[in-house]
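S.K.: pasting the sequence and the predicted coordinates here, then a few questions.
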Amino acid sequence: MLKPEFFTQLASSNPAPGGGAVSALAGQLGAGLLVMVQELSQPENCQNTTELKKQAYELEALISEDTGAFNQVMEAFRLPKTDEAEKNIRKAAIQAAYKTATLVPLKTVEKSLALLYQAKDLLDICNKNCASDLGVGIILLRSALQGGLMNMEINLPAIKDEEFVDKINRRIGEIKTECDNLLHEITQRMKELELINLPKL
């Protein structure tokens, strides 16, 4: 359940929690709706329900992990820089923190993508009375994925490790292509099954 203090912190001048944490939250909420649809459509499939709940809890953990990663960047920038040795330590800490702040939303992205595949599988067994719930779950997972990608991309210009940046950029490209293709398949299948239509972005 969303804690009241999370919204209080979010709707403030504090820089964290921010977009990355909210992306993970969107993924968790999307996963929760998939659990609902599974339970209302095929309650006997306990294994699938358990797996969906597990992924929802993992996304919940990423809310705090993303906030912690951002705070790590801020702490690195606050390190002393009075001499060359301190400057080098500070630079290394900043670079390490930016990498962490890039890899955490990657987890959100990959978990959300995996859940979108499970959402696609749910289409064929979906109780039509909860088709809109499944649709909202898909929209939330799409938002989680897109938000996570944005939070990855914004960190890359600050990272000096070209090999790391190239690797992440390749992964981002792969995920975007895979997500676009998957969402097209989901949309087409929804039309075939005469379920609710997804809005385009």
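M.R.: All right, it came through fine.
S.K.: residue with max distance from the center of this structure?
M.R.: Asp83 (39.4 Å; C-alpha atoms, centre = their mean).
S.K.: which element follows the longest helix belonging to the chain toward the C-terminus?
M.R.: Ranked by residue count, the top helix of the chain under DSSP state H comes out as helix 84-122. With elements assigned by DSSP states H and E, the helix or strand that comes after helix 84-122 is helix 131-153.
S.K.: by contact count, what packs against that following helix?
M.R.: helix 19-41, helix 84-122, helix 162-192 (3 or more C-beta pairs under 8 Å, 6 or more residues apart in numbering; DSSP states H and E). In short, each C-beta sits where N, CA and C put it, glycine included.
S.K.: and of the ones you listed, who's closest to Gly68?
M.R.: helix 84-122 (8.2 Å; C-beta to C-beta).
S.K.: what residues sit buried inside the closest one?
M.R.: 90, 93-95, 97-102, 104-109, 111-113, 115-116, 118-120, 122 (16 or more other C-beta atoms under 10 Å).
S.K.: mind pulling up the pLDDT for Lys120?
M.R.: Lys120 carries a pLDDT score of 96 in this model.
S.K.: right, and it touches Met190 too?
M.R.: No. Judged on C-beta atoms under 8 Å, Lys120 makes no contact with Met190 at a distance of 9.6 Å.
S.K.: can you add distance to Ile139 and give the helices and strands packed on helix 131-153 back as TSV?
M.R.: Formatted as TSV, the helices and strands packed on helix 131-153 follow (distance: least, C-beta to C-beta, whole Å):
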stretch	distance to Ile139
helix 19-41	8
helix 84-122	10
helix 162-192	10
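S.K.: out of those, the one nearest Met150 is which?
M.R.: Across the helices and strands packed on helix 131-153, Met150 has its closest neighbour in helix 19-41 (6.9 Å, C-beta to C-beta).
S.K.: check which residues of the closest one are buried.
M.R.: Judged by neighbour count (16+ other C-beta under 10 Å), helix 19-41 contains these buried residues: 19-39, 41.
S.K.: ok, then the element right after that helix?
M.R.: Beyond helix 19-41 toward the C-terminal end (DSSP H and E), the next one is helix 46-77.
S.K.: distance of the closest residue to Glu51 other than its chain neighbours relative to Leu149?
M.R.: Once flanking residues are discounted, Glu51 sits nearest to Gln118: 7.8 Å by C-beta to C-beta, 6 or more residues apart in numbering. Separation of Gln118 from Leu149 (C-beta to C-beta, to the nearest Å): 20 Å.
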